[in-house]
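[1] I'll drop the sequence and a predicted model, then ask my questions.
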Amino acid sequence: MASRHESRTYRGRLAQERTCVRGRALLGLTLAGLASLLGAQSARGADASEYLFLPTVTLGERELDFHSGIGSSGPRTPKENDYGLGIGVGLTQHWFSELAVRYRSRAGSGTALRELEWENIVQLAELGEWPVDVGMAFLVEKPNDSQEGISVVTGPLLQKEIRKFQINFNALFGRNFGNTEQHPTEIVYQSQIKYRYSQPFEFGIQAFGYMGSRTQSWAGYPQQTHRIGPVVLGRYPLLREQSISYNAAFLFGTTAHSPDRTIRLQIEYEF
């Protein structure tokens, strides 16, 4: 007869195996879905206020999220300001959901509602259970212009901890529904390397890019949009398990289709 310690070890190992099987099955279905998107329509462009999605979820945590960005004009890009405000909650240990409104202001025109967004983050396994922490993003975007249809964006979120460094890479694919115009598939990436100097102050490098659309081939590098630059970020704990998190970046465009400079800021109040 096995000892109580051996029984607990066996049950724990069995639970981990079941979690891994469920995670691999969900990941397989998601990747299959991504493959189907590669022949579909999409409507996702550059956003000066774009922020990094993280594959981590905290049950019951609520947050108010404000994000903004200012992109300067480049050789082939107009100056624009983007803003967003959202409210979200960790519905389960593995599912975070947020509703947000986004606004845009361009040179020569006033500020206008751009779209409504429903953001969902799914954490596929416990942190540290796999060699790389994996999550999935699933977004539904409803532009203010009813003729633009509805966009669905999804993709894997990858995160790796190496001592005091945290490395993130996300790839997002999209599809447009209810639009009579033909929009080829687009792919957007997000990445970050940060050093955990201290909780209130961390620093690193962020990069955001638009790889182009899939027609007969992907756009060449000069036609793509790439922005990279330093970021500072951190979290200040408050009373009663409340906190304020921030991250701010100064990004430089690397192609003619990129804004020369982008300043972006995100502030989250967690309660």
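    Done, it's in. Numbers count the residues shown, from 1 in each chain.

[2] okay, now the unreliable bits of this structure?
    Across the chain, the ranges flagged by pLDDT under 70 are 1-46, 179-184, 213-218.

[3] hmm, residue 66 is touching residue 84, no?
    Yes - between residue 66 and residue 84 there is a contact at 7.3 Å, judged by C-beta atoms under 8 Å. Just so you know, the C-beta spots here come from the backbone N, C-alpha and C atoms, and that holds for glycine as well.

[4] so the closest residue to residue 235 other than its chain neighbours is in which element?
    Spatially, and ignoring its direct neighbours in sequence, residue 235 is nearest to residue 245 (4.5 Å; C-beta to C-beta, 6 or more residues apart in numbering). Per DSSP states H and E: residue 245 is located in strand 243-253.

[5] could you dump that strand to CSV, C-alpha only?
    This file holds the C-alpha atoms of strand 243-253, laid out as CSV (Å, rounded to 0.1, in the frame of the first residue of the first chain):
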residue,chain,number,x,y,z
SER,A,243,-2.2,49.1,-6.5
ILE,A,244,-1.3,51.4,-9.3
SER,A,245,0.7,50.0,-12.2
TYR,A,246,2.3,52.1,-15.0
ASN,A,247,4.4,51.7,-18.1
ALA,A,248,5.7,54.4,-20.4
ALA,A,249,7.8,54.0,-23.6
PHE,A,250,9.5,56.2,-26.1
LEU,A,251,9.6,54.4,-29.4
PHE,A,252,11.5,55.1,-32.7
GLY,A,253,10.2,54.1,-36.1
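
[6] and the residue nearest to residue 235, how many neighbours does it have?
    When neighbours are counted by other C-beta atoms under 10 Å, residue 245 registers 16.

[7] and for residue 239?
    The tally of other residues near residue 239 (other C-beta under 10 Å) stands at 6.

[8] before we move on, what about residue 202?
    What residue 202 shows, counting by other C-beta under 10 Å, is a neighbour count of 18.

[9] next: residue 71.
    Around residue 71 there are 26 other residues, counting by other C-beta under 10 Å.

[10] repeat that for residue 173.
    Counted with other C-beta under 10 Å, the neighbours of residue 173 add up to 23.

[11] repeat for the one 3 residues further on
    When neighbours are counted by other C-beta under 10 Å, residue 176 registers 23.

[12] just say helix, strand or coil for it.
    Secondary structure, DSSP: H, G, I helix; E, B strand; the rest coil: residue 176 is strand.

[13] quick revisit: ok, and what's touching the helix or strand just after the strand holding residue 245?
    Sequence order places strand 261-270 as the next helix or strand after strand 243-253, per DSSP H and E. With contact meaning C-beta atoms under 8 Å, 6 or more residues apart in numbering, strand 261-270 is reached by 48-51, 61-72, 227, 229, 242-253.

[14] change it to 7 Å
    48-49, 51, 61, 63-72, 227, 242-252 (C-beta atoms under 7 Å, 6 or more residues apart in numbering).

[15] check stretch 228-240 too.
    The set of residues that contact stretch 228-240 without belonging to it, under C-beta under 7 Å, 6+ apart, is 192, 194, 199-207, 243-252, 254.

[16] can you flag the buried ones in these?
    With burial judged by 16 or more other C-beta atoms under 10 Å, the buried subset of the contacts of stretch 228-240 is 192, 194, 202, 204, 206-207, 243-247, 249, 251, 254.

[17] max pairwise distance over those: which two?
    243 and 254 (34.3 Å; C-beta to C-beta).

[18] circling back: so what angle separates the directions of the strand holding residue 245 and strand 261-270?
    Note on geometry: by axes from the mean of the first three to the mean of the last three C-alpha atoms, to 10 degrees, strand 243-253 and strand 261-270 are set 170 degrees apart in direction.
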